[in-house]
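Undergrad: all I have is the shape, not the residue letters:
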């Protein structure tokens, strides 16, 4: 499962807008100059708010890895296969239509990519309708308030006093 952490910025009609900060992986990516995500330091994602998170809550967003793998396969592999198959068919069928093989390859490859466009629109429609392809808020992260530092001290007159905070009690006692 792929996870990211974000902060709820807006809640409306059972949905939430989550602010995601660009993660450390983006800093080392070779494609960050061409990536739309790299243009801004933050991303906004609108998700279903099943956990009833409130504005300011830190949340974890998850997407099953197999869903991302399936969609990546469709987006990256299918167009290449369509281009190659179209070019091969155009090369083979070009002489039947009295077209040079190279011209038939170009036309066939273009037709394969053109057909892939409509296939991708269908994949997008199917993916949007299935919950397994949607990222979702999986938990609300409890952010602990900062603990006072025991090493700090106050000097009052000639006396020296140290403030200490008792350790939180565990539920195991």
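TA: Cool, the structure landed. The shown structure was predicted, so the numbers you read here are calculated from the model rather than taken from an experiment.
Undergrad: what is residue 58 paired to in the beta sheet?
TA: Residue 58 forms beta bridges with residue 7, residue 141, as assigned by DSSP bridges.
Undergrad: and it, how far from residue 135?
TA: Counting by CB to CB, to the nearest Å, the separation of residue 58 from residue 135 is 16 Å. Every residue, glycine included, has its C-beta placed from N, CA and C.
Undergrad: which one's more surrounded, these two?
TA: Between residue 58 and residue 135, counted using other CB atoms under 10 Å, the more crowded position is residue 135 (19 against 15).
Undergrad: wait, that one touches residue 61, no?
TA: Yes - with contact defined as CB atoms under 8 Å, residue 135 and residue 61 form a contacting pair (5.1 Å).
Undergrad: need the residues touching each of the two.
TA: The contact sets of residue 135 and residue 61 overlap at 45, 47 (CB atoms under 8 Å, 6 or more residues apart in numbering).
Undergrad: quick one, helices of this structure?
TA: Counting by DSSP state H, the chain forms helices over residues 24-27, 65-72, 78-93, 101-129, given from the N-terminal end onward.
Undergrad: residue 141: which of the ones you listed is closest?
TA: Ranking the helices of the chain by proximity to residue 141 (CB to CB) places helix 24-27 first, at 17.9 Å.
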